[in-house]
Every structure is written in structure tokens, then in C-alpha cells.
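> show me how the following folds:
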Amino acid sequence: MAFDFLVPVKDKVLAHSELLPEQALGKNIHMHTEKDGLPVFAHADVAIFGVLESRNAFEKKPEKLDVDEVRIQLYRLMMGNWNSNIIDIGDVEEGNTVEDTYFVVKEIVAGLLEENIIPIVIGLTQDITFATYRAFDKIKNMVNLVSIDSRFDFGEEDELISSHSYMSRIITDKPNNLFNFSNIGYQSYFNAQEELDLMERLFFDAYRLGEITANIELAEPVLRSSDIVSLDLRAIRACEMGMSKNFSPNGFTGREICAIARYAGISDKVSLFGIYEGENSHQAFQMIAQIIWYFIEGLSFRIKEYPSSKSEDFTKFTVPTDTEELIFYKSHVTERWWVEVPTILAEHTKTNSVALLPCTEEDYLDACNQNIPERWFKAYRKGLN
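This is a model prediction of the structure:
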């Protein structure tokens, strides 16, 4: 069984937790220990685990991320007003081959998903996203993936999988369960024009760093439709992480990335949150811990809602345009917006009704001004293919 490959949380982390106040996370997380074994999965909502695999790193790292130091910083944070039951199941160490590690991660994630537990993966390199994606094979027919990254990570044709090319493997690997891929925070000078062209041809969504920082709320509907969220920490600017190498002077601030993590937690569709490419500094450990804290904070505000014209909780808006008649819905509970996309097949939505694409009020206002939202157009074209 894949869970047998998990190694317990280190004694130094457990010793640190013993000294924490009762309100701290470390006193309220059930941990995998050498003495007691794995925590009970029943009633767990979130499972944290590390993946200590870095052999496919694009830039070879001088030292591996110290996941235990991340734990120490996370455990010392105070609990919010949460109902989430959190467990820490330890770490996956390197297998004999990288493919062995991928297999174990895939099986662990699949096992957690089957128990309706949301994995939070702390991985050394972002190629682990491929293994987490494959975990959905027997659980969901079509998967939406959001990457928060300065790069698209397509890599060169025929390039071996790495932290800079894992998306090419996801796109080409069979079975192909990827319905949509969205990137939040790309920086143009890190991406070849051919990669931008590929994003357009595949009707994928991409948002430049400047777009998101100018209006952080643009990230919310993108994350609302995602199953997997993969965060490359190099999307955060170097000074925020206490880094000088492998990180860029431009990127998200700590406040912005924590807001995005909270949006991911609020999304009632996000089933896995992965954090990758961290390096060792006290500031980086704190940043990763606070990102996880905000994701869990978001979970406590999740509201399952599905727009319907028959529900009093929603208002339906019909917007005629020169080419299409767009149907929007607004929630009176959360004030979130959706728009119908009639061509998306029912098996992609697992409902017998027209697909609904999360959107913003700005998209509705644009439609009123005869400007069809670009995300709607891409989703419409994708449904035709």
C-alpha cells in the first residue's frame, strides 16, 4: 500500500510542537509519528504531506527544501475559527527512480481523494504536479488545472520531464483527462512566443502578472473552476522569499499570494493544493506556512452553490449581443457570478444541464457593452472541438 512509504514527522518537529500554546496549529493537527503511526483518516478534511523528490529539477538545487522547518513555522501559527480537521501524514522520500516516486504520490493522492480529504502537497519541484494530476484518473473524467507560475512549463519538444516541462507531459500523456489549463501570473520575458501561441491554440487561459496585481479578484473565478492548484513559489518576488538566486525581482507580493491561496481554499471545486520550488531561508519557511494557513482559512468559507433560475438565491440576467445571447447568474449569498457556456458537453460537467463558467461582474458589464468575455469564448470553442 502506498501509505506504507510515508515516513513519520521528525522528532524535532514533535518536540517543538510540545512547547506550543493550545491555540497553535501544532496542538491541533494529528500527525504521523514513529510511535503511533498514521493518524486516523475518518473525519479528516485536509492532509498535509511532503514530497522529497528533486531529481527532475530544471535548475539543480544546492540543497533540498527543509520541509520540517516549514512544518515548524506552520505549526506555530494560531488556529482560525475553523471547522477543518487537519492531519499531517509525513513525507514521501525518493524512490529508486523518479517514476517510483510519482507512482507513490499518485496512489497516496488518489487514496486521500477517495476519502474526500484535500491533500496539501509540499513538493521540492513542480514536476510532482504530473503525479497529482494522474491521481484523478479513476476519480474524475475531466480535470481543470491552475498553475500559479511565472512560466507555462511546456518545455521543448521531446524534452524529458522536468520542473520546466511537466505541462507537456500532462498534455500528451494518456489518458488525456485535462479539460482546461489556466496560468495565473506569467511573466512574458520568461515564455517563448511559441508557448503563448500554444496556449491560444489549445484555448487555455493565461493572465499576466500585471493583470492580476492590478485586480487580484480576477484570480477568483479562475480558481473557482479548478480541481488542482499548483503553485510555483518562484512566482513570488525574490525579496518576499529572502532569496537572491533562482527567484526573480518581479512577482507576487506576500499579501497577493496569500489572497490567491485563500481564493483557492474558498473554491468548492479545488481538491488538491500543491506548493513547489521552495528553497531554504527562514523567510521562505514563513511564507510557505502562511500560504498554507490562508488556504485552510479559505476552506472554512466554502459554500456549495450551483446557480439555477429556479432558486431564489440567484438572479438570472439575459444579455443579447451581436453574436450570442449570454445568460449570467448572480448569487445573492456570495455575490459571485457565472455565465452559461452551452457547447460544453454534459460529461465534462457531470450534470444534465448547460455548463456554467465562473466569471466576474466585470464580464457581465462587458457583455452589456457588446464585448464577449475572452474566457467564455475560449470555453465555447473548446466545447465545439
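
> center of the protein - which residue?
What sits nearest the mean C-alpha location of the chain, by C-alpha atoms, centre = their mean, is Val229, with 1.2 Å.

> pretty sure that residue is touching Leu272, no?
Yes: contact criterion C-beta atoms under 8 Å: Val229 and Leu272 qualify, at 7.1 Å. C-betas here are computed from N, CA, C, even on glycine.

> tell me the secondary structure at Leu231.
With DSSP: H, G, I helix; E, B strand; the rest coil as the basis, Leu231 sits in strand.

> gap between Phe314 and Ser244?
As for Phe314, its distance to Ser244 is 50 Å (criterion: C-beta to C-beta, to the nearest Å).

> and for Ala42?
Using C-beta to C-beta, Ala42 is found at 45 Å from Ser244.

> could you do Asn215 as well?
30 Å.

> and stretch 129-142, what's buried?
Residues Thr129, Phe130, Ala131, Thr132, Tyr133, Arg134, Ala135, Phe136, Met142 are the ones in stretch 129-142 that count as buried (16 or more other C-beta atoms under 10 Å).

> how much space separates the residue nearest to Gly26 when sequence neighbours are not counted from Leu198?
Sequence neighbours aside, Tyr75 is the residue nearest to Gly26 in space, at 2.9 Å (criterion: C-beta to C-beta, 6 or more residues apart in numbering). Separation of Tyr75 from Leu198 (C-beta to C-beta): 41 Å.

> cool, and Ser309?
To Leu198, Ser309 is 38 Å away according to C-beta to C-beta.

> those two: which is more packed in?
Between Ser309 and Leu198, counted using other C-beta atoms under 10 Å, Leu198 has the larger neighbour count: 17 against 10.

> element containing the more buried one, please.
According to DSSP states H and E, Leu198 maps onto helix 193-201.

> quick one: residues contacting Met199.
When contacts are counted by C-beta atoms under 8 Å, 6 or more residues apart in numbering, Met199 is found next to Phe152, Asn183, Asp205, Ala206.

> out of these, what pair is the most spread apart?
Within the contacts of Met199, two members stand farthest from each other by C-beta to C-beta: Phe152 and Asp205, at 11.3 Å.

> quick check, Ile296 in a helix?
Yes: membership of Ile296 in a helix is supported by three-state DSSP.

> does Cys55 touch Glu94 like I think?
Actually, residue 55 is Arg. It isn't Cys. Yes: the criterion here is C-beta under 8 Å, and Arg55 meets it with Glu94 at 7.0 Å.
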